[in-house]
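Asker: Below is the sequence, then the predicted model.
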2 protein chains.
Amino acid sequence: MSGSMSRKVVRLRDVADAAGTSTKTASRVVNGDSRVSPDTRRRVEQAVESLGYQVDVTARSLRRGVDDTIGIVVPTIGDPFFAKAIEEIEKRSLDLGVKLLVASNSYSAETEREIVEGLIGRRVAGLIITPEFADYSFLQRIPTPTVFIDRHPRGLDSGVVRVDDQGAARAAVLHLAEHGHRRVAIVTDDLTIRTSKLRHLGYHDALRDRGLPIEERLEAHGCRDAHDAFSATEALISGPHAPTAIFSSRSETSLGVVRQLHASGRTDIALISFGDFVTADVITPAVTAIDHDPAMLASAAMDRLTERMAGVPDDGSDTIVPLRLIERGSGELTPAHLEASA
Amino acid sequence: MSGSMSRKVVRLRDVADAAGTSTKTASRVVNGDSRVSPDTRRRVEQAVESLGYQVDVTARSLRRGVDDTIGIVVPTIGDPFFAKAIEEIEKRSLDLGVKLLVASNSYSAETEREIVEGLIGRRVAGLIITPEFADYSFLQRIPTPTVFIDRHPRGLDSGVVRVDDQGAARAAVLHLAEHGHRRVAIVTDDLTIRTSKLRHLGYHDALRDRGLPIEERLEAHGCRDAHDAFSATEALISGPHAPTAIFSSRSETSLGVVRQLHASGRTDIALISFGDFVTADVITPAVTAIDHDPAMLASAAMDRLTERMAGVPDDGSDTIVPLRLIERGSGELTPAHLEASA
DNA sequence: TGCAACGGGGTAATCGTTGTCACGGGACAT
DNA sequence: ATGTCCCGTGACAACGATTACCCCGTTGCA
């Protein structure tokens, strides 16, 4: 019944009225502009406090032309790797006083483009994108600072923040070779996926370096999940020329490989997993893994993005995030024939 | 050098000009209003296409008073449980044509409140919050539709979407009792955490139901991570009155328990983990777990949120998301003395 | 025939904030 | 003493889309 039905929202105008200043001055106080006298500042601050004023960000963003957000687009948010990356980026965003818009692009090329365009339509201050299906040439004309991670975008000549897939895969296989293995198999995803291809190339690099044979029957491609890898591994190890070591190119496939090795009692076969997973150290033997730290990738991406936002143009070069090999046992097994002769 | 330095952005006005209509009509087309003649519609659509027009969402949001976004606030984005939940919510958001703002609140009560207020200042259409430290009484006055998940917010009388922690913990311990165990230990986090407390209560419920002893030396509290749990388990199983079964109240602690059991060769001790983890089925024996499906929780939260957004008020009741017990072996081990007598 | 209802369209105000420009007055240098 | 410059401040317009309101013909119906 009170006469003053409180207005829906408190506007800067209301604050200014209460403090006896213009909205402009109130705005100055709210935005930390130094050119305000201490007395005025205090009055405004007090008004803000008592009225519970909060900036309407939609209005601010319209006026400024940019929104205090950055968008991140990943294939799957639930993937622990990307989840950790998002976490790191959110942390950094907090420091920048910016909010984080997350979106997934693992639907189709069309929705992927729509999603990115939608983000741009929101006038995001920056974009971090894991390119998937879409052609990104449309970004050419758009001024939004953008950083790509993990893979190169199709249709756009841009630097990328990524891990050294090829180099690390090579290092892993060399590690196996160093322990005496001459028949090293690979279990991997579809080779049309850039990441998979690079790791596959690294695998070949290592074999070539060591003069080891490259054999098709040692390669299992197209393993999209643990289940595929489970079957593929069975086929690999059941033949007469079974490998003494396996290089699994994704943590997902590693789970399948491990299950198969355990199921068939062949835990004597060496294994290195590209991509770590929890409990890799609980299994016997514990699984040696190459770990790419998502936080590091994310951090590097944010560094790059803040650079772009500051106006530094993309020079087309890639930022390579290092990887590390975690020796746990499975990657240090020696082949049976060597053990016998020892 | 070209004479026409293209204008920064294409506005609705430009589309209208190109199509020879007013902005109002162009707006109608863009927003799918039916009261436009087919011919006009086509002209506008063509203009949109050729100019590459995109709605400026910041302007639209200002005018409408709400932004087409929903905010989700969780303790840790990187936690697989919340990551999966976010993933599900993002999927649902896509259907609603809404973007998702994610934020973490695991910093402090103050930043938690600032984060939520910041979201509200953005005029989000809805909020999904996992309350942590902050007092949420300030939300009382705010019209933004809000749904809380996992825990009850402090300072606000509101329904919640949550799992039945206490009931499920009770079920797990009863499951162990059913297999003959009379000395069941618990490894858990700090009991000041609501979730931990509820699970602890469920543990006691079960013991009481079965007339089993409640002993302090069977309870390891304050295990914040796998490492703590590792040490705590060592203490638990080394005494003279060691338990024959362990109930671990978080997947994180379960990792520590498993490591300790393996390290000390006591894989004969039964174990049920509250919270599943990958490779729980690779370990020997595979770990029986109670799984709370994050997607289900998220989905229920979205159902509730869309209801709120449609104007249905909170009736204060909780939505309970069911859990399921996944029998894998470790929870079905029988105590040594029973085996001996068998 | 008269008139209301409706389809199709336009004009201008509005959302809340902030950049631009202007102004009076003191400090300081010429 | 006069100009220059900076400070604190305010009036005002603009950001781009939406929407309240108005207008003009057609129809349909009494």
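Answerer: Yes, it's here.

Asker: burial measure for the residue in the stretch 151-300 of chain A positioned nearest to DNA strand D, as a count.
Answerer: Per Cβ to the nearest atom of the strand, residue A:156 is where the stretch 151-300 of chain A lies closest to DNA strand D, at 24.8 Å. The C-beta positions use only the backbone N, C-alpha and C, and glycine is treated the same way. Residue A:156 has 16 neighbours, counted by other Cβ atoms under 10 Å in any protein chain shown.

Asker: right, and residue A:22 touches residue A:15 too?
Answerer: No - contact criterion Cβ atoms under 8 Å: residue A:22 and residue A:15 do not qualify, at 10.7 Å.

Asker: Phi first, then psi, for the residue of the stretch 151-300 of chain A found nearest chain B.
Answerer: Across the stretch 151-300 of chain A, no residue is closer to chain B than residue A:279, which sits at 4.1 Å (Cβ to the nearest Cβ). As for residue A:279, its main-chain torsions (degrees, to the nearest 10) stand at phi 70, psi 10.

Asker: Contact residues of the stretch 151-300 of chain A facing chain B?
Answerer: Counting by Cβ under 8 Å from any Cβ of the partner chain, the stretch 151-300 of chain A comes close to chain B at A:255, A:258, A:259, A:262, A:277, A:278, A:279, A:280, A:281, A:282, A:283, A:284.

Asker: Now tabulate those in CSV and tack on distance to residue B:308.
Answerer: Listed next are those as CSV, based on distance: Cβ to Cβ, whole Å:
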residue, distance to residue B:308
A:255, 39
A:258, 45
A:259, 43
A:262, 48
A:277, 38
A:278, 36
A:279, 39
A:280, 42
A:281, 44
A:282, 43
A:283, 45
A:284, 50
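
Asker: Quick one: the helices in chain A, in order.
Answerer: Applying DSSP state H to chain A gives helices spanning A:12-19, A:23-30, A:38-51, A:57-64, A:80-96, A:109-121, A:165-178, A:194-210, A:226-238, A:251-263, A:294-309, A:336-341.

Asker: which one of these lies closest to residue B:47?
Answerer: Within the helices of chain A, the stretch nearest residue B:47 is helix A:109-121; the backing value is 16.9 Å (Cβ to Cβ).

Asker: and chain A, what are its domains?
Answerer: The record's domain parsing of chain A by automatic domain parsing lists A:12-55, A:68-162+A:295-322, A:165-293+A:325-341.

Asker: Averaged pLDDT, the first one. What do you get?
Answerer: Averaging pLDDT along domain A:12-55 yields 92.

Asker: Pull up the distance across that domain, start to finish.
Answerer: End-to-end distance of domain A:12-55: 7 Å, with Cα to Cα, to the nearest Å as the criterion.

Asker: Identify whichever of the helices of chain A lies nearest to residue B:50.
Answerer: Nearest to residue B:50, of those and by Cβ to Cβ, is helix A:109-121 at 15.9 Å.

Asker: closest point of chain A to DNA strand C, which residue?
Answerer: DNA strand C sits closest to residue A:12 of chain A, with a gap of 2.9 Å, by Cβ to the nearest atom of the strand.

Asker: how about the residues of chain A near DNA strand D?
Answerer: Taking Cβ under 7 Å from any atom of the strand as the criterion, chain A approaches DNA strand D at residues A:20-25, A:28, A:34-37, A:39-41, A:59, A:62-63, A:65.

Asker: ok, of those, which come out buried?
Answerer: The neighbour-count test (16 or more other Cβ atoms under 10 Å in any protein chain shown) marks A:21, A:25, A:28, A:36, A:40, A:41, A:59, A:62 as buried among these.

Asker: returning to what we had before: now do the residue of chain A closest to DNA strand C: how many residues are near it, please.
Answerer: By other Cβ under 10 Å, neighbour count at residue A:12 equals 22.

Asker: before we move on, back to that, write the PyMOL selection for whichever of the residues of the stretch 151-300 of chain A next to chain B are buried.
Answerer: Burial among these is assessed by 16+ other Cβ under 10 Å; the matching PyMOL selection reads:
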select buried, chain A and resi 255+258+259+262+277+278+279+280+281+282+283
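
Asker: What's opposite the nearest residue to residue A:326 once chain neighbours are set aside in the beta bridge?
Answerer: Leaving aside its sequence neighbours, residue A:326 sits nearest to residue A:289 (Cβ to Cβ, 6 or more residues apart in numbering or on different chains; 5.1 Å). Residue A:289 has these beta-bridge partners by DSSP bridges: residue A:273, residue A:326.

Asker: For residue A:289, which residues are in contact?
Answerer: Counting by Cβ atoms under 8 Å, 6 or more residues apart in numbering or on different chains, residue A:289 touches A:251, A:254, A:272-277, A:280, A:325-326, A:328, A:331.

Asker: Pick out the lowest-pLDDT one from the residues you listed.
Answerer: residue A:280 (78).

Asker: check the buried ones among the residues of chain A next to DNA strand D against chain B, which are close?
Answerer: For chain B, the contacts drawn from those by Cβ under 8 Å from any Cβ are A:59, A:62.

Asker: Any stretches of the stretch 151-300 of chain A with poor pLDDT?
Answerer: By pLDDT under 70, the stretch 151-300 of chain A has no low-scoring segment.

Asker: go again using 90 as the cut-off
Answerer: The stretch 151-300 of chain A contains residues with pLDDT under 90 at A:151-152, A:163, A:193-195, A:213, A:225, A:239-241, A:251-252, A:262-263, A:275-285, A:291-293.

Asker: So what's the predicted local confidence for residue A:6?
Answerer: Reported pLDDT for residue A:6: 47.

Asker: just checking, residue A:164 touches residue A:318?
Answerer: No - if you go by Cβ under 8 Å, residue A:164 and residue A:318 don't touch, sitting 9.3 Å apart.
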